[in-house]
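Q: Dropping a prediction and its sequence here:
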Amino acid sequence: MTPPPQATAGPARAAGHTTGEALLGPAGHLLRAAVANPRLVLQHRNIFLLSHMRANTSVFGHLIGSHPWVEGYYEMHIGYFSWKSLWRQKLRHFAAHEVKPQARFMFDKVLHDGHHVAPALLLRRRSRTIFMTRAAEQSVKSLVVLFRKHAPHLPEATVQGAVDYYVRRLATLISIAETPGLAYFYLDAERLISDTGPALAALSGWLGLPTPIPTHYGTFENTGRGNTGDHSERLKSGQVSRITSDYSDIVLSPEQLQAVQHAHAECRQRLISGAQASAVQT
């Protein structure tokens, strides 16, 4: 298989900074981005993906981040409390990445209750909100495997800890979605994987993008690195993988399975019923 192309849009800054680059600092990089693309930097236009861990959000981020109108592709791990947080996002992003010349939206995904997103920011005329969930059992098992490998000391490395995270997070998504006046798009993670083109076309139309979100993506500097998301080799392929992982060694009790399945069914139903548009698995 031919390796995917290195993404050319919004590239990371070269490792070998000149002295001037090193002295520029985050504010200087932001100023340079504003000169290169003032419409993006000076106008706060944001796309927020609100979801949970192990919901194929890394694939989603790479797909939407490959669109020339979208800047960003991985989780920033910050909260959004006010307009100041929107500037903080840009300071952090452009300290590490060059600006895309055509970009119109800043993208971030929020997967943790510890990263608050103020409803007032989601209600802004220039904000776009996307909710995405994935079916319970595979999500929880995948979460356990991830934490056992990378953070075995944390609660999510146990089945009960992963169950607790999943149930709490879906309850939070319901609460956010019920913000009065909030318009949002709902996406089933399964639909993204099984029917990628039509699902992304529907989302692209809702977002008002001039061209559809691509169904293939280039790899980026942070693909599979650090705490930016999925570390699997599949993510580095540049293609949406439809291979299902085997987590048969992770066992949920009947009570745990019932709890997560009920949480997902309720969350999914309420998110779909309140969505302005959606792409769901049938």
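A: Received the coordinates, thanks.

Q: Any stretches of the stretch 151-282 of the chain with poor pLDDT?
A: 221-232 (pLDDT under 70).

Q: what about the helices in the stretch 1-150 of the chain?
A: Assignment of helices within the stretch 1-150 of the chain using DSSP state H, counting those that start in this stretch yields the ranges 19-36, 38-42, 57-65, 83-94, 119-122, 136-150.

Q: and what of the stretch 151-282 of the chain?
A: 159-177, 189-194, 196-207, 254-274.

Q: could you dump the ones you listed to JSON lines with distance to F81 and mean neighbour count?
A: Backbone N, C-alpha and C define where each C-beta goes, glycine included. Listed next are the helices of the stretch 151-282 of the chain as JSON lines, based on distance: least, Cβ to Cβ, whole Å; neighbours: other Cβ atoms under 10 Å:
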{"stretch": "helix 159-177", "distance to F81": "14", "mean neighbour count": "20"}
{"stretch": "helix 189-194", "distance to F81": "27", "mean neighbour count": "20"}
{"stretch": "helix 196-207", "distance to F81": "24", "mean neighbour count": "18"}
{"stretch": "helix 254-274", "distance to F81": "23", "mean neighbour count": "16"}
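
Q: so which of the ones you listed comes closest to R126?
A: Of all the helices of the stretch 151-282 of the chain, the one in closest proximity to R126, counting by Cβ to Cβ, is helix 196-207 (11.7 Å).

Q: what angle sits between the closest one and helix 57-65?
A: Orientation of helix 196-207 against helix 57-65 (axes from the mean of the first three to the mean of the last three Cα atoms, to 10 degrees) gives an angle of 60 degrees.

Q: Could you dump the helices of the stretch 151-282 of the chain into JSON lines and include distance to L122?
A: Conversion of the helices of the stretch 151-282 of the chain to JSON lines gives the following (distance: least, Cβ to Cβ, whole Å):
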{"stretch": "helix 159-177", "distance to L122": "7"}
{"stretch": "helix 189-194", "distance to L122": "20"}
{"stretch": "helix 196-207", "distance to L122": "14"}
{"stretch": "helix 254-274", "distance to L122": "13"}
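
Q: Just tell me which of these ends up closest to G65.
A: Checking those against G65 by Cβ to Cβ gives helix 196-207 as the closest, at 12.5 Å.

Q: Tell me the helices and strands packed up against that closest one.
A: Packing contacts for helix 196-207, counted by 3 or more Cβ pairs under 8 Å, 6 or more residues apart in numbering; DSSP states H and E, involve strand 127-133, strand 184-188, helix 189-194, strand 277-279.

Q: From the contact counts, what lies against the last one?
A: In other words, strand 277-279. For strand 277-279, the helices and strands in contact under the criterion 3+ Cβ pairs under 8 Å, 6+ apart are strand 184-188, helix 196-207.

Q: Test my guess that T211 contacts V70.
A: No: using Cβ atoms under 8 Å, T211 and V70 do not qualify as a contacting pair, with a distance of 11.2 Å.

Q: Select, out of the helices and strands packed on helix 196-207, the one closest to A55.
A: helix 189-194 (4.7 Å).

Q: Now do that closest one: everything it contacts.
A: Helix 189-194 has contacts (Cβ atoms under 8 Å, 6 or more residues apart in numbering) with 51, 55-57, 59-60, 132-135, 199-200, 240-242, 279-281.

Q: of these, buried ones?
A: If you count burial by 16 or more other Cβ atoms under 10 Å, the buried members of the contacts of helix 189-194 come out as 51, 55-57, 59-60, 132-135, 199-200, 240, 279.

Q: Of these, which is the nearest to D249?
A: Taking Cβ to Cβ as the measure, A135 is the one of the buried ones among the contacts of helix 189-194 closest to D249, at 18.9 Å.

Q: How much space separates the closest one from A103?
A: In this structure, A135 and A103 are 33 Å apart, going by Cβ to Cβ, to the nearest Å.

Q: just H112 next, same as before
A: Noted for H112: a distance of 26 Å to A103, by Cβ to Cβ.

Q: Looking at these two, which one has more neighbours?
A: Using other Cβ atoms under 10 Å as the criterion, H112 and A103 rank with A103 on top: 23 against 15.

Q: quick one: that one from L187, how far?
A: For A103 relative to L187 (Cβ to Cβ), the value is 22 Å.

Q: Check H97 too.
A: When distances are taken as Cβ to Cβ, H97 and L187 turn out to be 25 Å apart.

Q: Much appreciated, bye for now.
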